[in-house]
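**Q** here's a sequence, model it:
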Amino acid sequence: MWKPLGLIVLLAVTACMFALGTIHVFHAFTSNKVVADDQSPVVAVATPSAPLAGGTAPVASSTVSSPDSEKVAVTIELPELNPLLIDCYRNLERSIQKLRKIEGYTARWVRQIRKYGSVRDEEHVDIKIRHEPFGVHMNWLDGSQQVLFVEGQSDNKLLAHKSRGFASLRPVWRLPPDSRLAMKDSRYPVTQLGMLRLAERLKRVVAEFPVNGAVEAEITTSEFEGRPCIRQFVKFGSPVEQPDYALSDLLIDQDTYALVSITNHGWTEGGTGSEFVEHYRYENINWQAQLTDSDFDERNEAYPFAH
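**A** This next block holds a predicted model:
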């Protein structure tokens, strides 16, 4: 008599546990808060798109040190997003949270842009980036110029020293970073330089794109400087929904979540096609660089601003 009753009780308890487990799983899939291990990148299985022409980052041999190797739970709040861009948003948010823990770094910054209708040659620049307070020092490897900008210093003006041309007649130029002269050879002000601010800008692009907008997105694996990367390839449907970019090809280091390379295409006149507009990449990143205030001080004797 007791054996059938015990079996009935056991079955009832098992059924309740299964029901509670099902509710928990359903809640996990429907919640707009995602808790994930930031060492487990979101990578969708897809066929990689063809490489973008006119500036795709080459695979080079180099050493990139990791800021840390700890696995930390990352909480990501998801706003209302275009469904095809959710994983892109998650990867960018992971990158932002990771980079915000880094005080600064040095790197070789490579830039190639379209300006005034023509694609310029690549520029190679040694940069120092500090996140708080934001500061950047840039030294062109061809010896043509140096630039220093620190938020809250020098009346928030950019300091530039030109070594060639008519501009070299003035020892130091002090310019608002978003002025026409300061941006003569750039598409963005110096205040937007660095992987953290790039990730924040791209996150806004993804968040502000229409939920029902026409877009194609592929997330695959790739390689940069011998290291595994997440490749995010996004193709926007029209200039009405995204006027700045037609195509965007982004590489995110799987370990450090650094945005090591990006290539963008803009719209051709009339919005019927796309053309290369910009490529940026970060090589030889040193996360352990011991940057001090003197690295962002115009009085630094190694810089030309005090002479």
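**Q** excluding its backbone neighbours, what's nearest Arg108?
**A** Distances taken as Cβ to Cβ, 6 or more residues apart in numbering put Glu283 closest to Arg108, at 4.2 Å, once the chain neighbours are dropped. For the C-beta atoms, the positions are set from N, CA and C on the backbone; glycine is no exception.
**Q** swap in Met138?
**A** In this structure, Met138 finds its nearest non-sequential neighbour in Val147, 4.3 Å apart by Cβ to Cβ, 6+ apart.
**Q** tell me, how many residues neighbour the one you found?
**A** Neighbour count of Val147, defined by other Cβ atoms under 10 Å: 24.
**Q** what sits against it?
**A** Val136, His137, Met138, Leu158, Leu159, Ala160, His161, Val190 (Cβ atoms under 8 Å, 6 or more residues apart in numbering).
**Q** that's a helix at it, yeah?
**A** No. Counting by DSSP: H, G, I helix; E, B strand; the rest coil, Val147 is located in no helix; its state is strand.
**Q** in terms of pLDDT, where does it sit?
**A** We have a pLDDT of 98 for Val147.
**Q** the stretch 1-150 of the chain: helices as residue ranges?
**A** With DSSP state H, counting those that start in this stretch as the criterion, the stretch 1-150 of the chain has helices at 2-30, 86-99.
**Q** list the buried residues in the last one.
**A** Under the neighbour-count criterion of 16 or more other Cβ atoms under 10 Å, helix 86-99 has 87-99 buried.
**Q** among those, which one sits closest to Phe296?
**A** Nearest to Phe296 among the buried residues of helix 86-99 is Leu99, at 18.1 Å by Cβ to Cβ.
**Q** test my guess that that closest one contacts Met195.
**A** Yes. Contact criterion Cβ atoms under 8 Å: Leu99 and Met195 qualify, at 5.9 Å.
**Q** what do the two both touch?
**A** Ala258.
**Q** for the buried residues of helix 86-99, work out which two are farthest apart.
**A** The most widely separated members of the buried residues of helix 86-99, counting by Cβ to Cβ, are Asp87 and Leu99 (18.7 Å).
**Q** okay, now the unreliable bits of the chain?
**A** Confidence mapping of the chain against pLDDT under 70 gives the ranges 1-74, 307.
**Q** spatially central residue for it, please.
**A** Closest to where the C-alpha atoms of the chain average out (Cα atoms, centre = their mean) is Ala199, at 3.4 Å.
**Q** ok, it - contacts?
**A** By Cβ under 8 Å, 6+ apart, the residues touching Ala199 are Leu92, Ser95, Ile96, Leu99, Leu259.
**Q** ok, back up a step: most neighbours out of the contacts of Val147, which is it?
**A** His137 (26 neighbours).
**Q** excluding chain neighbours, what is closest to that one?
**A** Closest residue in space to His137, ignoring its immediate chain neighbours: Lys128 at 4.4 Å, by Cβ to Cβ, 6+ apart.
**Q** ok, that neighbour touching Leu148?
**A** No. Using Cβ under 8 Å as the test, Lys128 is too far from Leu148 to be in contact (9.4 Å).
**Q** quickly list what's touching both of the two.
**A** Common neighbours of Lys128 and Leu148 (Cβ under 8 Å, 6+ apart) are Gly135, Val136, His137, Phe296.
**Q** give me phi/psi at the last one?
**A** Backbone torsions for Phe296, taken as degrees, to the nearest 10, come to phi -120, psi 30.
**Q** so it sits against His137, correct?
**A** Yes. Using Cβ under 8 Å, Phe296 makes contact with His137 at a distance of 6.3 Å.
**Q** where do the contact lists of these two overlap?
**A** Lys128, Leu148.
**Q** all the helices of the stretch 201-307 of the chain, residue numbers only.
**A** Counting by DSSP H, counting those that start in this stretch, the stretch 201-307 of the chain contains no helices.
**Q** what's the burial count for Ile127?
**A** Neighbours around Ile127, by other Cβ under 10 Å: 17.
**Q** any idea how far Leu141 is from it?
**A** 11 Å (Cβ to Cβ, to the nearest Å).
**Q** ok, now Phe134?
**A** For Phe134, the distance to Leu141 (Cβ to Cβ) stands at 23 Å.
**Q** okay, the two: which has more neighbours?
**A** Between Phe134 and Leu141, counted using other Cβ under 10 Å, the more crowded position is Phe134 (19 against 11).
**Q** list phi and psi for the residue nearest to that one when sequence neighbours are not counted.
**A** With Cβ to Cβ, 6+ apart as the measure, Glu151 is the residue that lies nearest to Phe134, at 4.5 Å, once sequence neighbours are left out. Reported as degrees, to the nearest 10, the phi and psi values for Glu151 are phi -60, psi 130.
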